[in-house]
Each structure stands twice: as C-alpha cells, then as structure tokens.
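Participant: Quick one: sequence and predicted model below, then my questions.
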Amino acid sequence: MTTKAVIKGLSLLLLIFFLNGCESSDNKAIESPGASMKSELAQRKTNPYLSYEHSLSVELEKAALATKFKALTDQCSADRENNCTLLETDFSGGSYTYARIKLRVAPTGVEKILVLAGDNGKITNEMTTVEDLSTQIFDTEKRIKLLQTYQNDLLDLQKQAKGNIDSLIKVSQEIASVQSQLEELSGNSQALMQRVNMDIINIRLSSRNEKAFWTPISDALDEFKGNLAEGIAGAITGVAYLIPWLIVLLILFFIGRFIWRRLRRK
C-alpha cells in the first residue's frame with residue numbers, strides 16, 4: 001500500500017468520525033428536553049410544591065419560522081388533555097423575523113412542546129427556573145384555617161347578640177370583613193396551586209442571520225429619508241442655538257473695536 005493510499009484512508013476515517021460526532025451532538029440537543037423531564041419528575045415527587053418555568057430559544061430558517069410558529073400554537077390549542085393555554089403570542093416579519101410564545105401547560109405536556117419547538121432548529125438557549133412555593137402555600141392555608149375558626153366564633157356571637165342591636169351590627173361587620181379576607185386568601189391559594197400544577201413555557205423563535213450582499217444597502221436607502229430629515233432638523237436646531245451667541249460676539253467685537261480705536265488715538 002502506498003503512502004498516498006494510507007493518507008486517504010486516514011482522512012476518510014477522520015471525516016466519518018467527525019460526521020458521527022456532529023450527528024450525536026445534534027441528537028443530544030433534541031433529546032435534552034426529555035432527559036431533563038425525567039430529573040424534574042423525580043424532583044416533583046420529592047417536593048410537590050415546586051413551580052417550574054421553562055425558556056427555550058430556537059434558531060430556524062426564515063422560511064420555516066412561520067410554519068413552526070403555527071405548529072406550536074396549534075399544538076397548544078389542541079392539547080386539551082394537558083389544559084394547554086396560550087398566554088401570549090407575538091410574530092414579527094421583515095428583514096429579521098422572530099416570534100414569541102408564552103403558554104401554560106400541565107407538566108406531562110411540557111416535553112411534547114419543547115421537542116416540537118427544537119425539532120429541525122438550532123437550540124441556542126435552554127433554561128428552567130424552579131421556585132419553591134411550599135412556605136407561601138402553607139402560610140396561606142394556615143391563615144385560612146385561623147380565619148375560618150374566627151368566623152365560626154363570630155357566627156356564634158351573632159346568634160347570642162340577637163337582642164342587642166349595636167353588638168349585632170358590630171359582629172355582622174366583622175363577619176363581612178373576615179369573609180372578604182377569606183375570599184382573597186382563597187384566590188391567592190388557587191393561584192399558588194395553579195403555579196405548582198401547571199408549568200410556564202417561554203419560546204423564542206428567530207431566523208438565521210443570512211443577509212444578502214445588497215440587504216444592508218437596501219436598508220440604508222430605505223432609511224435615507226428619515227436620516228436626512230433628522231440631519232436637517234439637527235442642523236436647524238444648531239443654528240437656532242448659534243444665533244444668540246453670534247449676536248453677543250458681534251456686540252463684543254464692535255465694543256472691542258471701539259475701545260481699540262480710542263486707545264490708538266491717545
């Protein structure tokens with residue numbers, strides 16, 4: 001075997017190894033949401049009062065971005081099993097296309113959304129934040145129980161104060177105040193439990209920055225009129241500031257000239 005044949009064989013093996021490495025890294029990027037979901041499920045079993053918020057940034061071809069945006073919104077709208085709800089959507093076209101989606105979904109539906117978002121795209125950022133709400137939930141439940149006990153005591157007093165109008169009015173007002181506090185705390189408790197039982201997902205889709213040679217020139221020409229108008233406005237403003245100073249300088253010049261002539265005559 002010649003030296004050239006050996007070099008060609010080694011080059012081919014290195015190329016195959018490099019391609020396999022790229023494929024495996026791509027697969028890891030797509031499979032990463034599933035792997036992270038397993039660790040999160042184990043963590044949820046340890047502490048059921050954790051609130052999860054996921055953020056994912058994906059880079060796509062410009063032509064595929066609108067299709068991906070529609071696929072994600074349709075997927076959420078159709079996922080009634082996991083109670084998926086679209087909270088915010090934003091799509092912007094133009095020379096730089098991007099889209100944002102914010103949704104709320106049950107933990108069992110998170111992986112499907114994340115995998116769909118990262119499919120056929122480049123994941124540029126992936127983050128999950130976790131907040132422990134156990135202290136807030138326990139404190140709220142404790143306050144609700146205390147207020148309920150106090151409310152029952154007030155109801156007993158109301159029955160005993162039927163003959164005393166003043167006492168009856170005061171007790172009734174206190175019962176109304178306690179009822180209002182209970183309703184507020186109940187709403188807070190429901191909101192906290194919703195954060196525990198449902199995950200928030202923030203998805204940002206952006207187009208790859210592949211501009212043609214003439215694109216910057218075209219953008220500059222499109223902005224020419226606006227820049228020209230701003231330049232003229234700036235020049236007019238500058239002249240307006242200079243005119244008073246020119247008048248002052250002219251007055252000083254003539255005063256100085258007058259004094260200089262008087263001194264020369266002497």
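Facilitator: Arrived safely, thanks for sending. Numbers count the residues shown, from 1 in each chain.
Participant: okay, CA-based contacts and neighbour counts for the rest of this
Facilitator: OK.
Participant: how about stretch 167-179: buried residues?
Facilitator: Neighbour counts over stretch 167-179 (16 or more other Cα atoms under 10 Å) mark 168, 171-172, 175, 178 as buried.
Participant: ok, so of those residues, who is nearest residue 43?
Facilitator: Distance to residue 43 across the buried residues of stretch 167-179 (Cα to Cα) is lowest for residue 178, with 37.2 Å.
Participant: Okay, and which of the buried residues of stretch 167-179 map to helices?
Facilitator: Among those, the members falling in helices (DSSP state H) are 168, 171-172, 175, 178.
Participant: Turn these into CSV, columns for pLDDT.
Facilitator: What follows is these, written out as CSV (pLDDT from 0 to 100):
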residue, pLDDT
168, 85
171, 87
172, 88
175, 91
178, 92
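Participant: and which of the residues you listed is nearest residue 142?
Facilitator: Looking across those and measuring by Cα to Cα, the closest to residue 142 is residue 178, at 14.5 Å.
Participant: so how far is residue 136 from that closest one?
Facilitator: Between residue 178 and residue 136 the computed distance is 20 Å (Cα to Cα, to the nearest Å).
Participant: Phi, psi for residue 161 please.
Facilitator: Dihedral angles phi and psi of residue 161 (degrees, to the nearest 10) take the values phi -100, psi 20.
Participant: hang on, it packs against residue 172?
Facilitator: No - between residue 161 and residue 172 there is no contact under Cα atoms under 8 Å: 10.2 Å.
Participant: which neighbours do the two share?
Facilitator: With contacts defined as Cα atoms under 8 Å, 6 or more residues apart in numbering, no residue is adjacent to both residue 161 and residue 172.
Participant: what helix or strand does residue 128 sit in?
Facilitator: strand 122-132 (DSSP states H and E).
Participant: What strands line up against that strand, and which way round?
Facilitator: Using DSSP bridges, the strands paired with strand 122-132 in its sheet are strand 50-60 (antiparallel).
Participant: ok, and what's touching the partner strand?
Facilitator: By Cα under 8 Å, 6+ apart, strand 50-60 touches 44, 114, 117-118, 120-134, 195-208.
Participant: Show me the helices in the stretch 151-266 of the chain, by range?
Facilitator: Along the stretch 151-266 of the chain, counting by DSSP state H, counting those that start in this stretch, helices occupy 165-197, 215-222, 224-265.
Participant: among those, which is nearest residue 106?
Facilitator: helix 165-197 (6.5 Å).
Participant: Low-confidence regions, the stretch 51-200 of the chain specifically.
Facilitator: For the stretch 51-200 of the chain, residues meeting the criterion pLDDT under 70 lie at 94-95.
Participant: What is the neighbour count of residue 183?
Facilitator: Residues lying near residue 183 (other Cα atoms under 10 Å) number 12.
Participant: Just the CA atoms of stretch 141-159, as PDB, please.
Facilitator: Extracted C-alpha coordinates of stretch 141-159, given in PDB (Å, rounded to 0.1, in the frame of the first residue of the first chain):
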ATOM      1  CA  GLU A 141     -53.500  27.600  54.300                       C
ATOM      2  CA  LYS A 142     -52.700  28.300  58.000                       C
ATOM      3  CA  ARG A 143     -54.200  31.800  57.700                       C
ATOM      4  CA  ILE A 144     -57.300  30.400  56.100                       C
ATOM      5  CA  LYS A 145     -57.900  27.900  58.900                       C
ATOM      6  CA  LEU A 146     -57.400  30.600  61.600                       C
ATOM      7  CA  LEU A 147     -59.900  32.900  59.800                       C
ATOM      8  CA  GLN A 148     -62.400  30.100  59.400                       C
ATOM      9  CA  THR A 149     -62.100  29.400  63.200                       C
ATOM     10  CA  TYR A 150     -62.600  33.100  63.900                       C
ATOM     11  CA  GLN A 151     -65.500  33.200  61.500                       C
ATOM     12  CA  ASN A 152     -67.300  30.400  63.300                       C
ATOM     13  CA  ASP A 153     -66.800  32.100  66.700                       C
ATOM     14  CA  LEU A 154     -68.300  35.300  65.200                       C
ATOM     15  CA  LEU A 155     -71.300  33.400  64.000                       C
ATOM     16  CA  ASP A 156     -71.800  32.000  67.500                       C
ATOM     17  CA  LEU A 157     -71.600  35.600  68.900                       C
ATOM     18  CA  GLN A 158     -74.100  36.700  66.200                       C
ATOM     19  CA  LYS A 159     -76.600  34.200  67.400                       C
END
